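In: Here is my input, please return the structure:
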Amino acid sequence: MALLLSIHPENPQPRLIKQAVQWLRDGGLLAVPTDSSYAVVARLDDKAAADALRRLRGLDERHHLTLLCGDLAEIGQVARVDNQQYRLLKAATPGPWTFILEATREVPRRVSHPSRKTIGIRVPDHKVVHALLAEAGEPLLSTTLIPRGEEDALNDPEDIASRYAHELAAVVDAGACAQAPTTVIDLTGDTPEVVRVGRGDPAALGLAA
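Out: Now for the predicted structure:
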């Protein structure tokens, strides 16, 4: 069984956060809680870990992976954002949203969409994730932890650790998540397009579902 690392959801212990990030730096995958559901994360520039992340979920290269960012400044490092997009991102983050944006050259081509050169971006509203991102000092590559052939994300840390005993370095256990997907908005066209409605209400951003 993968190691369970119990971290306080409101006051993450710095020592445990450092330990978790070290596993990422050593090439491991972590299951971490977010404001929507548990996700699997890896370092962005670690090709082997990114490949392992795709294998764990059974994803091909056409599936959008998501970069977890700590703030708007980090988004600017990995995605091209114009003034209109920036205003929307500022209003929505942090929160349960995923935005599709054009990737910058800082993003390895192997993790962006092969034909569109786009990437999913989100700034979760979860203190444990923000502590991990602050310690890592860079965005983390992620995907929702949905088992192959199933539709719902896993939400029980012990179940996750048992199912993925050999694929994960550890499960960051901060309790159950909201168990609801993010709302996905494509910002690569002339106007924002709501691709999927989840926890985030498009009307809160002046968008129609």
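In: Going by C-alpha atoms from here, please, whenever you check contacts or count neighbours.
Out: Noted.
In: Okay, now the unreliable bits of this structure?
Out: 1 (pLDDT under 70).
In: Tell me which stretches of this structure form strands.
Out: With DSSP state E as the criterion, the chain has strands at 3-6, 30-32, 39-43, 66-68, 97-102, 118-122, 140-144, 170-173, 183-186, 193-196.
In: Please report the distance of residue 54 from residue 60.
Out: 7 Å (Cα to Cα, to the nearest Å).
In: In CSV: the strands of the chain, plus mean neighbour count and distance to residue 162.
Out: Below are the strands of the chain laid out as CSV (neighbours: other Cα atoms under 10 Å; distance: least, Cα to Cα, whole Å):
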stretch, mean neighbour count, distance to residue 162
strand 3-6, 16, 9
strand 30-32, 26, 12
strand 39-43, 24, 15
strand 66-68, 26, 25
strand 97-102, 25, 28
strand 118-122, 27, 28
strand 140-144, 24, 17
strand 170-173, 25, 10
strand 183-186, 22, 29
strand 193-196, 16, 30
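In: Make CSV from those and add distance to residue 158 to it.
Out: CSV is the format used below for the strands of the chain (distance: least, Cα to Cα, whole Å):
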stretch, distance to residue 158
strand 3-6, 7
strand 30-32, 11
strand 39-43, 14
strand 66-68, 23
strand 97-102, 26
strand 118-122, 26
strand 140-144, 17
strand 170-173, 8
strand 183-186, 27
strand 193-196, 29
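In: In terms of neighbours, single out the busier of residue 54 and residue 60.
Out: residue 54 (18 against 10; other Cα atoms under 10 Å).
In: show me the contacts for the more buried one.
Out: residue 60 (Cα atoms under 8 Å, 6 or more residues apart in numbering).
In: Repeat that for residue 99.
Out: Contacts of residue 99 by Cα under 8 Å, 6+ apart are 120-122, 184-187.
In: Can you convert these into TSV and add a column each for distance to residue 112?
Out: Converted to TSV, these look like this (distance: Cα to Cα, whole Å):
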residue	distance to residue 112
120	8
121	11
122	15
184	16
185	16
186	14
187	15
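In: Out of those residues, which is nearest to residue 160?
Out: The closest of the contacts of residue 99 to residue 160 turns out to be residue 122 (Cα to Cα; 22.5 Å).
In: ok, now which ones touch the closest one?
Out: Neighbours of residue 122 in contact, by Cα under 8 Å, 6+ apart: 66-69, 93-99.
In: same thing but 6 Å
Out: 68, 98 (Cα atoms under 6 Å, 6 or more residues apart in numbering).
In: now swap in the one 3 residues further on and tell me
Out: Remark: with contacts taken as Cα under 6 Å, 6+ apart, residue 125 is in contact with 35, 94-95.
In: repeat that with 10 Å
Out: 34-36, 70, 93-97 (Cα atoms under 10 Å, 6 or more residues apart in numbering).
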